[in-house]
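Quick one: sequence plus predicted model below, questions after.
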Amino acid sequence: MPRPAVRAALLSLCLASVLPLASFAQDAAGKLAAPLEAQRRLITAKFSTMVPIATIGAGEGLLAELEKNIGPDVTAIVIESGSYTLSDILASASKKGLGRLIGKSGSSVTIAAPLVVWKGAELRIGAGEHVVLDRSRYALILNAGTLSVIDATIEGSAFADAQTPFRPFLLTVVDGEAVFKGSVIHNLGFGTFAETSGLSFLGRGYSLGSPNIEVSDNDISDLVSVSFIRSSNSTVTGNRLTGMRSSGIVLQSASNAKVKGNSLLSATGHGIRITSQSQKIDLQDNTIVNARSHGVFVDDGSVLVAMSRNRIEKNGLSGIVLKKSGCNAVSNNTLANNALSGIRLEASFGITIVGNSIVENRDGITLEGQTSSVATEVHDNLFSRNLAGIRSDAHGDLNIARNDFSKQWTRLFAGAIASSTGRYLASQDAGRNSEFVLKGEAKTASVQLASFSAFGLADCTSKK
């Protein structure tokens, strides 16, 4: 078994030993039924004893970050077993004298402590419910069981102490399941770790099975990011993300994710970041506008990313950037008015750019440090009013066919391939829309295969 798979399996066993399983009744057929009422259990515990749960399989240094920002004597509410609603927690807390940790005022429920859902337990937050996580009391939700938030609101409280970096966050850890649907999620997340970025999901890695994660039709604002770390089979659809304090959506070592029909406006970082050897990611029908950095940034050995029918406009750097990545497809997107390139490729291989509308960027397509081993395909695109249609410095092998440059002013090619402009025009006159091949140059950089996982390269080459 590969070393990453062994490590993930050991971490899963550690989690199983740390977290008790809820007791379930069996029906006459021996099948598991829902937890009995008598088997529900709500307790309190020092959050410092819960921290190892959050850090199993998490980024190096997260444990120290949490310990630094959350005091060792902070008391957590723990749903140890059974299925709870907010009303259930309020009723149980009242009986146990825990009114200082959770209370209701009007239509809002304020949680003034970390809330932990243990493995096998469930928390359901439903229609019209409004949860405020008290920042001054280190409130957060750590889910190792099942969490559903449907047609509800969760937000962090306002807190004027600028010396305290902590903000509440929602983290589903290894083997936890979560559904966020039709809800408002606001003012969450702190620091630089993906796990504390606001709304985060930590999985077991693409070589192992993962539970259900769905984030759909939510209004999400003022988070650091929505982050998926080593998660698999996640669905992110129909969400509106505004004012994110870093990249809007981050997929880190993730696989088999569908990101479709989302609107991302004015992210401080990238609109969508795909990194750390992620693979098999499908980006469709998203709108990414006014990100301070790139619209979509794919890097660090990520492969088999398909980007189609997205509208990526007015971003502070480039529309789509593929850096040290492979076997990615960019098709039928609109890339307009981005400050640098519509599409930029750097030290990547096996890239196809087909059917895109590339309009009024500084450069339509930029290629730098491309490998000659696998050609870059640029077919059937519309170039219009970019300062340069295609700019290249060390482009590798480049196949250009059936593109519409009729509205491309003022320069067709720039950089290392500028001298090929006349030859390209002559080839088009000789045979309309014929393929034009530019061979790679000696100074072309080689792709650093160490950036890629063995799984990713195997899947990538099998698709070629």
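Right, received. Where do you want to start?

Every contact and neighbour count from this point should use C-alpha atoms.
Fine.

And the pLDDT at the residue lying closest to residue 401 once chain neighbours are set aside?
Using C-alpha to C-alpha, 6 or more residues apart in numbering and skipping residues adjacent in sequence, the residue nearest residue 401 is residue 435, 4.3 Å away. Confidence at residue 435, expressed as pLDDT, is 80.

And for residue 188?
98.

Look up which residues are beta-bridged to it.
residue 223 (DSSP bridges).

okay, now it: neighbour count?
29 (other C-alpha atoms under 10 Å).

That one contacts residue 198, correct?
Yes: with contact defined as C-alpha atoms under 8 Å, residue 188 and residue 198 form a contacting pair (4.5 Å).

what do those two both touch?
Here residue 188 and residue 198 have 168-170, 223-224 as joint contacts, going by C-alpha atoms under 8 Å, 6 or more residues apart in numbering.

need the residues you listed in a markdown table with neighbour count, pLDDT and distance to residue 101, can you?
Compiled in a markdown table, those are given as follows (neighbours: other C-alpha atoms under 10 Å; pLDDT from 0 to 100; distance: C-alpha to C-alpha, whole Å):
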| residue | neighbour count | pLDDT | distance to residue 101 |
| --- | --- | --- | --- |
| 168 | 29 | 98 | 15 |
| 169 | 29 | 98 | 17 |
| 170 | 23 | 98 | 17 |
| 223 | 30 | 99 | 24 |
| 224 | 29 | 98 | 26 |
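
The residue nearest to residue 401: how many residues sit nearby?
17.

and it, how far is that from residue 374?
16 Å (C-alpha to C-alpha, to the nearest Å).

before we move on, what about residue 116?
49 Å.

Compare these two and say which is more crowded by neighbours.
Counting neighbours by other C-alpha under 10 Å for residue 116 and for residue 374 shows that residue 116 has the greater number, 29 against 17.

Please verify my assumption that the more buried one contacts residue 75.
No: the criterion here is C-alpha under 8 Å, and residue 116 misses it with residue 75 at 10.7 Å.

Can you find the helix or strand in this protein with the smallest mean pLDDT?
In the chain, the helix or strand scored least confidently by mean pLDDT, DSSP states H and E is helix 3-18, which has a mean of 44.

ok, which stretches of the stretch 351-464 of the chain are helices?
Along the stretch 351-464 of the chain, counting by DSSP state H, counting those that start in this stretch, helices occupy 421-430, 454-463.

before we move on, what about the chain?
3-18, 47-55, 62-69, 86-95, 421-430, 454-463 (DSSP state H).

Could you list the low-pLDDT ranges of the chain?
Per-residue confidence for the chain (pLDDT under 70) gives these ranges: 1-38, 160, 162, 206-210, 372-373, 430-434, 440-451, 453-458, 461, 463-464.

again, 80 this time
1-38, 53-55, 159-163, 205-211, 371-374, 393-396, 429-434, 439-464 (pLDDT under 80).

Return the distance of residue 95 relative to residue 114.
Taking C-alpha to C-alpha, one finds residue 95 at 19 Å from residue 114.

ok, these two, which is more surrounded?
Neighbours were counted for residue 95 and for residue 114 using other C-alpha under 10 Å; residue 114 has more, 27 against 10.

Quick check: bridge partners of that one?
residue 140.

any idea how far residue 201 is from it?
17 Å.

what residues are up against residue 438?
Going by C-alpha under 8 Å, 6+ apart, the list of residues near residue 438 reads 396-399.

Flag every buried residue along stretch 40-54.
Buried positions in stretch 40-54, judged by neighbour count with 16 or more other C-alpha atoms under 10 Å: 40-42, 44, 46-48, 50-54.

what's the answer for stretch 125-133, then?
For stretch 125-133, the neighbour count (16+ other C-alpha under 10 Å) marks 125-126, 129-133 as buried.

Then stretch 53-64?
53-58, 62-63.

Next, format the residues you listed as a markdown table and append distance to residue 277.
Formatted as a markdown table, these follow (distance: C-alpha to C-alpha, whole Å):
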| residue | distance to residue 277 |
| --- | --- |
| 53 | 25 |
| 54 | 22 |
| 55 | 21 |
| 56 | 20 |
| 57 | 16 |
| 58 | 16 |
| 62 | 20 |
| 63 | 23 |
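
so which of these would you say is closest to residue 154?
Nearest to residue 154 among those: residue 54, at 20.1 Å, using C-alpha to C-alpha.

The closest one reaches residue 173, doesn't it?
Yes: at 6.3 Å, residue 54 counts as touching residue 173 under the criterion of C-alpha under 8 Å.

overlap in contacts of these two?
With C-alpha under 8 Å, 6+ apart, residue 54 and residue 173 have common neighbours residue 142.

What is the neighbour count of residue 105?
Residue 105 sits with 7 neighbouring residues when counted by other C-alpha under 10 Å.
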